[in-house]
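Q: This is a predicted model, with the sequence first.
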Amino acid sequence: MTDSMTFYGFSEDPFAAAPDPRFFFPSESHKEALASLFYGISERKGFVLLLGEAGLGKTTLIHHLTGMLDSNVRTLFFPQCPAAFEPMLQEMLLGLKRPPGSKNKGSMVHALYYELIRCRERNENVAIIIDEAE
């Protein structure tokens with residue numbers, strides 16, 4: 001146990017390198033961001049963007065958000081945006097349990113489109129979350 005943990009009476013380190021949603025502390029701005037993201041996903045509003053300086057808790061907020069979503073929401077989480085679009089398309093299709101088939105970008109976009117239509121028909125909501133999308 002570190003001196004600061006002893007001083008503050010922590011039994012676990014809330015400031016570990018990997019974000020832990022158990023230690024999410026919602027400030028007013030965090031509550032507003034969380035409500036906006038939740039609304040955007042649950043109401044299928046299309047694209048929702050969260051911007052903020054490094055270290056403000058965006059990643060922790062995202063992890064907290066995914067725990068709040070209904071069971072009909074399929075979450076595809078990317079910790080950072082891949083350098084090329086094709087690998088991301090492949091991962092999206094695999095995340096939706098659909099083999100990518102062709103590695104051609106156009107074919108994969110077409111397959112993703114039809115898989116998202118099928119999800120909609122099954123009343124499934126798909127949330128593609130990209131952290132560190134720079």
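A: That came through fine.
Q: buried residues in stretch 122-134?
A: Within stretch 122-134, the residues that qualify as buried by neighbour count (16 or more other CB atoms under 10 Å) are 125, 126, 127, 128, 129. The C-beta positions use only the backbone N, C-alpha and C, and glycine is treated the same way.
Q: Go ahead and confirm residue 52 touches residue 61.
A: No - counting by CB atoms under 8 Å, residue 52 does not reach residue 61; the two are 9.1 Å apart.
Q: Let's have the buried residues of stretch 122-134 in CSV, adding secondary structure.
A: Output for those, formatted as CSV (DSSP: H, G, I helix; E, B strand; the rest coil):
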residue, secondary structure
125, strand
126, strand
127, strand
128, strand
129, strand
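Q: continuing past the lowest-mean-pLDDT helix or strand in the chain, what's the next helix or strand?
A: Least confident helix or strand of the chain, by mean pLDDT, DSSP states H and E, is helix 3-8 with a mean of 76. Of the helices and strands lying after helix 3-8 in sequence (DSSP states H and E), the nearest is helix 28-42.
Q: Would you mind listing the buried residues in the next helix or strand after that following helix?
A: Using DSSP H and E, the helix or strand that follows helix 28-42 in sequence is helix 58-68. Neighbour-count burial for helix 58-68, with 16+ other CB under 10 Å as criterion, is recorded at 58, 60, 61, 62, 63, 64, 65.
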